[in-house]
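J.: quick one, what's the 3D model for this:
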Amino acid sequence: MPTLRKRLQNLFATNVIVRAYGKDKLRVVDTNRLQGVGNLNQAKVADRYTRMHGANKHMVGGMGGYDSNYYMHQNRMQLYADYEMMDRDPIISSALDIYSDESTLADQFGDILTIKTDKSNVQKILYNLFYDVLNIEFNLWTWIRNMVKYGDFFLKLDIAEEIGILNVRPISAYEVERFEEYDEATGEYKIQFRHVGSPNITYDVFEMAHFRMLSDSNFLPYGRSMLEGARKEFQKLMMMEDAMLIHRIMRAPEKRIFKIDIGNIPPNEVDSFMETIINKMKKIPHIDQQTGNYNLKFNLNNMLEDYYLPVRGGNSTTSIDTLPGMTFTGMDDINYVKDKMMAALKIPKAFLGYDEGVEGKTTLAAMDIRFARTIERIQRIAISELTKIAIVHLYAQGFEGEDLVSFELELTAPSIIYDQQKVALMNEKITLANAMKDSKLVSDRYIYEYIFNMSEEQWLQERSDVVEDLKLRFRQNQIEQEGNDPTVTGISYGTPHDLATVHMSSNEVEKKDKGGRPKEGIKSGQHKNAFGWDPIGSKELKQAFNPQNQQTSFQPDTRWNRNNRPVSAEAHDILKHLKSKNKGVSIITESLKPKQTQDDSDTNTMLDENNIL
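T.: As a prediction, the model looks like this:
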């Protein structure tokens, strides 16, 4: 039998897991999302922005070519360094926290991840995997934050035979490389992961869970960070903020203009006179001869120096004017760049604290439906890789076939708006369907097919399911109100039919059908039928009063007593002998059977067998 590693390699050989799921149905699990973004070999032709694949033409090793993997890794490191710098910004850091917070909300039952499956054993195993082994209630928040920050997150899986995944180990995106090789012979792509510092250590595709934000084929085989769209605007914002600070520091202080009257001082002595005045009025930087340091009590910035202007003339006098600092007018530009950066992050400004009036908003998605869609996209990417982890775990425990794909994973939606819209739409459809049925303009088939978009097979199944639901409700009502389970006793109590039969006579009450051949009533062609030749039964009456039929054994016959009531022939004979004087054995020996011979010793006695009817 092949080892677990070999069997997992065969399972993920095509990168798309296909399993039969029910009759004439297939279920495809695209763990590497090749259906949506393709592969690295197809993406090399569209390298427009980062030059991550084939545009760098530097020589490598004197071979006249370039190492694409080397330059790809170097460009990744540069991008990751930019993302680290962006994470230090309070706005970007808050945005990353919001992505993770909104993606890992708990539902009404307190669960972050919902597992849907019809098989209880699969449900228990996956619940144990995600909540007891992986501890996603605590770890998933960190995984998603790293994924949206770098665009990639790597999780090493420790797998054991018949046990499944024992442990997971996060690995930094700086230390892992992903390799995709195309095999022309088989037409398949082989995916492996390798440590940057240890090239001999490689991992197969089933040993590494690669969470990646696949939104741009230029970044394949890696993901594209959620911060990439704001990276350029962030750099602009940083430069403009630095320029603002420098401008404020240099231009903000006020300066004074000293106008000094030099009188009749000769022109060649004006400079020395002004220098003498300036040295008396200001302090110059002083260097300590012992330590070599500046004395900080002096102003060292020449940009803060005052202006000294010599003036002369009969009307000129010494005066001091104040020159105000320049006012910075570049805040509009900074706000413009900041708005563009927030637009790239797809997070409303109000939630980041740049707007007021957010009281009463329970979730962010209630304020911006577009952000809810962004969170759902992040959740789908995370669920795709969590599904891969679940398949590996089930396969290692021995599950095969449709059991590997007989489940669905769901993260809690960030907003109830979607649910409210679905409920409102369903209410409108039901109201419309009831109005159409009451108007009797269209059939039920039309309503099922054109209002609820059901096929004929689906709405026929729904009709039968409705009948089953009615039976279940009737049984529950009988148990609750009457203490009777119809499925056990086979009868009902308290129904309108039962109440109506209480007031009917015994002849009107139809007895319960106890099974067997059903009773047949009077049919056409019979004598008793209204159109037969004996509708009143006169033939039977004549046969009943015929004296010849009284001598036969057990022949039905009737007599009339003094109350004009019919009695049977045997009862008539008994009453006749009871009235006679001879009361004895002869009463008992009256019988419709022929008399026995006298040879029998028990004849005309109590032991005569003829007395036994």
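
J.: now the lengthiest helix in the chain: mean pLDDT?
T.: The longest helix of the chain (DSSP state H) is helix 369-396. In this model, helix 369-396 has an average pLDDT of 89.

J.: next structured bit after that helix?
T.: Using DSSP states H and E, the helix or strand that follows helix 369-396 in sequence is strand 408-411.

J.: strand partners (parallel or antiparallel) of that next one?
T.: Its sheet considered, strand 408-411 pairs with strand 113-116 (antiparallel) by DSSP bridges.

J.: if we can go back for a sec, flag every buried residue along the longest helix of the chain.
T.: Residues of helix 369-396 classed as buried by neighbour count (16 or more other CB atoms under 10 Å): 371-372, 374-376, 378-379, 381-396. C-beta here means a position set from N, CA and C on the backbone, and glycine is covered the same way.

J.: could I get the CA-only coordinates of stretch 436-448 as CSV?
T.: C-alpha atoms of stretch 436-448 as CSV (Å, rounded to 0.1, in the frame of the first residue of the first chain):
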residue,chain,number,x,y,z
MET,A,436,-51.7,35.9,-8.0
LYS,A,437,-53.2,32.8,-6.5
ASP,A,438,-56.2,34.8,-5.0
SER,A,439,-56.8,36.4,-8.4
LYS,A,440,-56.8,33.0,-10.1
LEU,A,441,-55.2,34.5,-13.2
VAL,A,442,-52.3,32.0,-13.4
SER,A,443,-51.7,28.5,-12.2
ASP,A,444,-49.5,27.3,-9.4
ARG,A,445,-47.0,26.0,-11.9
TYR,A,446,-46.5,29.5,-13.3
ILE,A,447,-45.9,30.9,-9.9
TYR,A,448,-43.4,28.2,-9.0
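
J.: and it, average pLDDT?
T.: For stretch 436-448, mean pLDDT rounds to 90.

J.: can you give me phi and psi for M342?
T.: Main-chain torsions, M342, degrees, to the nearest 10: phi -70, psi -30.

J.: show me the contacts for it.
T.: Counting by CB atoms under 8 Å, 6 or more residues apart in numbering, M342 touches 91, 230, 349, 352.

J.: recalculate using a threshold of 6 Å.
T.: With contacts defined as CB atoms under 6 Å, 6 or more residues apart in numbering, M342 is in contact with K349.

J.: now for the spatially closest residue to F273 that is not a sequence neighbour, how many residues are close by?
T.: What sits nearest to F273 in space, not counting adjacent residues and going by CB to CB, 6 or more residues apart in numbering, is I265, at 5.6 Å. Residues near I265, counting by other CB atoms under 10 Å, number 14.

J.: A strand includes I265, no?
T.: No: I265 sits outside any strand when classified using DSSP: H, G, I helix; E, B strand; the rest coil, being coil.

J.: helix or strand: which one has M239?
T.: Using DSSP H and E, M239 sits in helix 228-251.

J.: buried ones in the next helix or strand after that helix, by neighbour count?
T.: Helices and strands here follow DSSP H and E; after helix 228-251, the next one along the chain is strand 255-261. Neighbour-count burial for strand 255-261, counted by 16+ other CB under 10 Å, picks out 258, 260.

J.: which helices and strands does strand 255-261 pack with?
T.: Secondary-structure packing of strand 255-261 (3 or more CB pairs under 6 Å, 6 or more residues apart in numbering; DSSP states H and E): strand 307-311, strand 319-323.

J.: need those in a markdown table (columns: distance to L245, mean neighbour count and mean pLDDT).
T.: Shown next, in a markdown table, are these (distance: least, CB to CB, whole Å; neighbours: other CB atoms under 10 Å; pLDDT from 0 to 100):
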| stretch | distance to L245 | mean neighbour count | mean pLDDT |
| --- | --- | --- | --- |
| strand 307-311 | 25 | 14 | 73 |
| strand 319-323 | 22 | 11 | 72 |
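
J.: closest to T3 out of the ones you listed?
T.: Relative to T3, the nearest member of the helices and strands packed on strand 255-261 by CB to CB is strand 319-323, separated by 84.2 Å.

J.: pull the residues that contact that closest one.
T.: Contacts for strand 319-323 (CB under 6 Å, 6+ apart): 254-259.

J.: that one vs strand 255-261, what angle?
T.: If you take axes from the mean of the first three to the mean of the last three CA atoms, to 10 degrees, strand 319-323 sits at 160 degrees to strand 255-261.

J.: sheet-wise, list the partners of strand 319-323 with their directions.
T.: strand 255-261 (antiparallel).

J.: pLDDT below threshold where in the stretch 1-150 of the chain?
T.: Scanning the stretch 1-150 of the chain for pLDDT under 70 picks out the ranges 1, 14-15, 19-27, 30-73.

J.: quick one: end-to-end length of stretch 143-158, please.
T.: From its first residue to its last, stretch 143-158 covers 17 Å (CA to CA, to the nearest Å).

J.: give me the buried positions along it.
T.: Residues of stretch 143-158 classed as buried by neighbour count (16+ other CB under 10 Å): 143-155, 157.

J.: show only the entries of these found in strands.
T.: Counting by DSSP state E, the buried residues of stretch 143-158 place 152-155, 157 in strands.

J.: just put these in TSV and tack on pLDDT.
T.: TSV is the format used below for these (pLDDT from 0 to 100):
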residue	pLDDT
D152	92
F153	93
F154	93
L155	92
L157	91
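
J.: tell me which of the residues you listed is nearest to S103?
T.: Closest approach to S103 among those (CB to CB): F153, at 12.8 Å.

J.: who touches the closest one in this structure?
T.: Neighbouring residues of F153 by CB under 6 Å, 6+ apart: 143, 146-147, 211.

J.: and if you look at F452?
T.: Contacts of F452 (CB under 6 Å, 6+ apart): none.

J.: the one 5 residues further on too?
T.: For E457, no contacting residues are found, by CB under 6 Å, 6+ apart.

J.: for the helix or strand containing it, buried residues please.
T.: Assigned by DSSP H and E, E457 belongs to helix 456-481. By neighbour count on 16+ other CB under 10 Å, the buried set for helix 456-481 is 475, 478.

J.: which element follows that helix toward the C-terminus?
T.: Sequence-wise, the next helix or strand downstream of helix 456-481 (DSSP H and E) is helix 486-489.

J.: just the C-alphas of the helix or strand following that next one, formatted as CSV.
T.: On the C-terminal side of helix 486-489, the nearest following helix or strand under DSSP H and E is helix 496-502. Provided in CSV are the C-alpha atoms of helix 496-502 (Å, rounded to 0.1, in the frame of the first residue of the first chain):
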residue,chain,number,x,y,z
PRO,A,496,-63.6,18.2,13.4
HIS,A,497,-64.5,14.8,11.9
ASP,A,498,-64.3,13.1,15.3
LEU,A,499,-66.4,15.8,16.9
ALA,A,500,-69.1,15.6,14.2
THR,A,501,-69.4,11.8,14.6
VAL,A,502,-70.2,12.2,18.3
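
J.: alright, that wraps it up for me.
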